[in-house]
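Participant: have a look; sequence and predicted model below, questions after that.
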Amino acid sequence: MVDKAKQLAQLERIARLKAERQLKTFAAYNAHVTAARQRVEALQVSLAQSYDSMAPLSLAEARVANAQAGRAARELRHADSQLQRILPGFEIARRQAAREFGRAEVLLGLGQDEEQRRRQERF
């Protein structure tokens, strides 16, 4: 008869390997999402600063400020669209990592339950 506890331990090791791989994928997505969010926040601050100037401007200075604000707005829109494109993959990676980690934990618990049941049968 094949030992059920050993089978569960082997399945748990496999599940842990899968969970580690999924966690690495999630970590990579997380790094990209964090960088994208920081870029969006920095561009929002830059755009806000371009509109917060209270000093009187000459016509030439106003044109330059307007051009800078327009460029900052375009960059912000582009950065935000990049962030929105990677968020679905980030959520999928997060769910998969959680599922794989949960699977490994369940198998660990089943293995521990089997060991406990076996010990109780001995006595």
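Facilitator: Nice, thanks for sending it over. Residues are numbered from 1 along each chain as shown.
Participant: so where's the protein uncertain?
Facilitator: 1-2 (pLDDT under 70).
Participant: for the residue nearest in space to the middle of it, what are its contacts?
Facilitator: Central residue of the chain (Cα atoms, centre = their mean): residue 30, 3.1 Å from the mean position. Applying Cβ atoms under 8 Å, 6 or more residues apart in numbering to residue 30 gives the contacts residue 90. Every residue, glycine included, has its C-beta placed from N, CA and C.
Participant: how about 10 Å then?
Facilitator: Residues in contact with residue 30 (Cβ atoms under 10 Å, 6 or more residues apart in numbering) are 23, 90, 93-94, 97.
Participant: got it, and residue 18?
Facilitator: 96-97, 99-101, 103-104.
Participant: distance of the residue of the chain most remote from its centre relative to residue 113?
Facilitator: Ranked by distance from the centre of the chain (Cα atoms, centre = their mean), the top residue is residue 123, with 48.5 Å. Note on residue 123: its distance to residue 113, by Cβ to Cβ, to the nearest Å, is 16 Å.
Participant: cool, and residue 23?
Facilitator: Residue 23 is 25 Å from residue 113, by Cβ to Cβ.
Participant: try residue 41
Facilitator: Relative to residue 113, and taking Cβ to Cβ, residue 41 is found at 47 Å.
Participant: now do the strands in the chain.
Facilitator: Assigned strands in the chain: none (criterion: DSSP state E).
Participant: could I get the full set of helices for it?
Facilitator: 4-51, 59-122 (DSSP state H).
Participant: residue contacts, residue 16?
Facilitator: Neighbours of residue 16 in contact, by Cβ under 10 Å, 6+ apart: 100-101, 103-105, 107-108.
Participant: among those, which ones are buried?
Facilitator: 100-101, 103-104, 107-108 (16 or more other Cβ atoms under 10 Å).
Participant: closest to residue 37 among these?
Facilitator: Relative to residue 37, the closest of the buried ones among the contacts of residue 16 is residue 101; by Cβ to Cβ it sits at 23.9 Å.
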